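> quick one, what's the 3D model for this:
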Amino acid sequence: MDQDCLFCRIIAGEIPSSKVYEDEYVFAFRDINPQAPVHILVVPKKHICCACGINENNSLYVAKCFEAIAKIAKQEGLMNGFRVINNCGEDGGQTVMHLHFHLIGGVKLSEKIL
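As a prediction, this is how the structure comes out:
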């Protein structure tokens with residue numbers, strides 16, 4: 001855990017969140033600034049800075065995030081589809097330097113990314 005990391009502190013329960021899923025590897029909670037009716041952040045419990053920080057020693061956490069995404073999507077009723085977004089680095093729009101995936105759905109999303 002990184003004491004300076006917002007998401008590590010949320011995972012540790014030091015900062016409240018609206019948790020929707022948790023297991024040994026993953027913590028997921030509702031985004032405080034949702035961009036769609038369903039907007040959930042799916043976060044590995046191991047601190048990984050960003051997609052560039054994924055390696056053979058921590059990639060299991062990423063796989064577990066995607067397993068959790070499938071479960072959460074079903075739990076949230078997103079059977080017609082959803083989007084998973086990862087922002088990497090400052091130019092990629094990452095604002096919290098802890099790897100996370102945005103699970104977005106609940107409406108028909110545009111094909112445009114930007």
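> the spatially most central residue of the chain: what secondary structure?
The centroid of the chain falls nearest to Val42 when counting by CA atoms, centre = their mean (2.4 Å). Assigned with DSSP: H, G, I helix; E, B strand; the rest coil, Val42 falls in the strand class.
> go through the helix ranked longest in the chain and flag the buried ones.
Secondary structure assigned by DSSP state H gives helix 59-75 as the longest helix of the chain. Within helix 59-75, the residues scored as buried using 16 or more other CB atoms under 10 Å are 61-62, 64-65, 68-69, 72-73. From N, CA and C alone the C-beta is placed, and that goes for glycine too.
> now the strands for the chain?
Secondary structure of the chain (DSSP state E): strands located at 19-22, 26-30, 38-44, 82-85, 101-105.
> mind putting the ones you listed in a markdown table, mean pLDDT included?
As requested, those are arranged in a markdown table below (pLDDT from 0 to 100):
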| stretch | mean pLDDT |
| --- | --- |
| strand 19-22 | 98 |
| strand 26-30 | 98 |
| strand 38-44 | 98 |
| strand 82-85 | 97 |
| strand 101-105 | 98 |
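> can I get the ones you listed in TSV including distance to Cys52?
Output for those, formatted as TSV (distance: least, CB to CB, whole Å):
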stretch	distance to Cys52
strand 19-22	25
strand 26-30	20
strand 38-44	14
strand 82-85	16
strand 101-105	15
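> closest to Glu22 among the buried residues of helix 59-75?
Ala68 (8.9 Å; CB to CB).
> residues contacting the residue nearest to the closest one when sequence neighbours are not counted?
Nearest non-adjacent residue to Ala68, counting by CB to CB, 6 or more residues apart in numbering: Val26, 4.3 Å away. For Val26, the contact set (CB atoms under 8 Å, 6 or more residues apart in numbering) comprises 42-45, 61, 64-65, 67-68.
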